[in-house]
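Student: here is my input, please return the structure:
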Amino acid sequence: MLLSGVLIVGSATVTLAASQDYEFQPVSTDVKQGQGSLVSVRLIDKRTGKPVPDAVIFTTRMDMAPEGMEMMTTPVEAATSTEPGVYAFKTDFAMAGGWRFKLAAKVQGEPDTVQGELVLKAAP
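Tutor: Below is the predicted model of the structure:
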C-alpha cells in the first residue's frame, strides 16, 4: 500500500509544469526605431509547442544592454493583441541598435513566475 502511494505521488509530479517549460519568443526581432513602435511576443508551452493565452505579464523592462548601455531604458506599455498567446507592447526606441526586452508573467495554474529575455534590433 505504501508503494502505491509513492507511485501516485511520483506520477502526479511528472504532470506539473515548471517555469522553464515556458518560453517567450519574439514575433519579429526587427523593430522600427522611433516613437510608438509595436513589439509582439509569443508565450509558448515548450512541452506542447502551443501558445499560452491569458498569462498575466506583470513586469516589463526595455533597455540597451546589448549595446553596453543597460541604464538606457524606455517605457513599455501594453497594447492589444487579437492572437491567443501573443502579447503586444508599445515603446519608443530612441536609438537604433540592440535592445533587451525582459518580461515576467504568471501562467494560470503555475506556481512559479515565467521569465524571459529577448534581444531586438531597432532600425530606422
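Student: tell me the phi and psi of residue 19?
Tutor: The phi and psi torsions at residue 19 (degrees, to the nearest 10) take the values phi -60, psi -30.
Student: over to residue 20?
Tutor: Main-chain dihedrals, residue 20, degrees, to the nearest 10: phi -80, psi 0.
Student: and it, what does it touch?
Tutor: For residue 20, the contact set (C-beta atoms under 8 Å, 6 or more residues apart in numbering) comprises residue 46. Every C-beta, even on glycine, is put in place using the N, C-alpha and C of the backbone.
Student: all the helices of this structure, residue numbers only.
Tutor: Here the chain has its helices, by DSSP state H, at 2-15.
Student: which strand runs longest in it?
Tutor: Among the segments of the chain that qualify as a strand by DSSP state E, the longest is strand 34-45.
Student: who does that one pair up with?
Tutor: Taking DSSP bridges as the criterion, strand 34-45 forms sheet pairs with strand 22-26 (antiparallel), strand 50-51 (antiparallel), strand 86-93 (antiparallel).
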